[in-house]
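Asks: Sharing a model that was predicted from the sequence below.
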Amino acid sequence: MGKARDIPGLEADLPYAEAAARTVAVRADELFAAGRDVLDTDDIEQVHDMRVASRRLRAVLEIFAPCFDRAAYRPVLRDVKALADALGTRRDPDVQLDALARLTAKMGASERRGIEVMAARLRAEQAVGNQTLAAALEEAEASDLHGRLQALAASATDVGTEAPLFAPTTNGGGPA
């Protein structure tokens, strides 16, 4: 995944709600674009990419929370958190298995047997994590989480002001 996608038209003078709408929409798209092949245990980077995307999305949801109706916002944030938790459940054994594979390459045959016992336990954890993630992905699809995120983004409203995201100050640039 690497660098987050740029938010088209995100400028300092953009009203807060418009910044919220654009940012949440792009971060939601990133999350679901990263979901391709995420259940493939041979490519652990897919899970990593989707997990990073979920954390970016969660962060912007929390930053822009005042722009959203609480009744719509809370269940969406809860579902994003649940998906992120499932991604973490899957990701943790992935990282450990990757480290063990690198360690095993440096070990002798007699040492590898003990490592293989540990790796077998981690593969079992990975399988459970994959089942947890599969269920979370099914729930996200069944509840149309992507669509609900896009609708939430489109519903953003300014919180009592049309102030830009970063308003210029009047006291020489410092905080008021």
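Replies: Cool, got the structure.
Asks: C-alpha from now on. contacts and neighbour counts both.
Replies: Will do.
Asks: residue closest to the middle of the protein?
Replies: Centroid-nearest residue in the chain: residue 54, 0.7 Å away (criterion: Cα atoms, centre = their mean).
Asks: which residues touch that one?
Replies: By Cα atoms under 8 Å, 6 or more residues apart in numbering, residue 54 lies in contact with 31, 80, 81, 83, 84.
Asks: Identify the farthest-apart pair in those.
Replies: 31 and 81 (12.3 Å; Cα to Cα).
Asks: Which one's more surrounded, these two?
Replies: Neighbours of residue 31 and residue 81, each counted by other Cα atoms under 10 Å, are more numerous for residue 31; the result is 21 against 16.
Asks: can I assume the more buried one is in contact with residue 46?
Replies: No - between residue 31 and residue 46 there is no contact under Cα atoms under 8 Å: 11.0 Å.
Asks: What part of the chain, helix or strand, is modelled with the least confidence?
Replies: Sorting the helices and strands of the chain by mean pLDDT, DSSP states H and E puts helix 109-142 at the bottom, at a mean of 93.
Asks: List the buried residues of that one.
Replies: Within helix 109-142, the residues that count as buried by 16 or more other Cα atoms under 10 Å are 112, 119, 122-123, 125-127, 129-134, 136-137, 140.
Asks: Sketch out the low-pLDDT regions of the protein for me.
Replies: Scanning the chain for pLDDT under 70 picks out 1, 160-176.
Asks: so can I have TSV of the contacts of residue 54 showing distance to residue 59 and secondary structure?
Replies: Shown next, in TSV, are the contacts of residue 54 (distance: Cα to Cα, whole Å; DSSP: H, G, I helix; E, B strand; the rest coil):
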residue	distance to residue 59	secondary structure
31	13	helix
80	11	helix
81	10	helix
83	14	helix
84	12	helix
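Asks: Report how many residues lie close to residue 40.
Replies: The local packing of residue 40 (other Cα under 10 Å) involves 12 other residues.
Asks: Pull the contacting residues for the spatially closest residue to it that is not a sequence neighbour.
Replies: Of all residues not flanking residue 40 in the chain, residue 46 sits nearest, at 8.0 Å (Cα to Cα, 6 or more residues apart in numbering). By Cα under 8 Å, 6+ apart, the residues touching residue 46 are 34, 35, 36, 37, 38, 40.
Asks: repeat for residue 42
Replies: Contacts of residue 42 by Cα under 8 Å, 6+ apart: none found.
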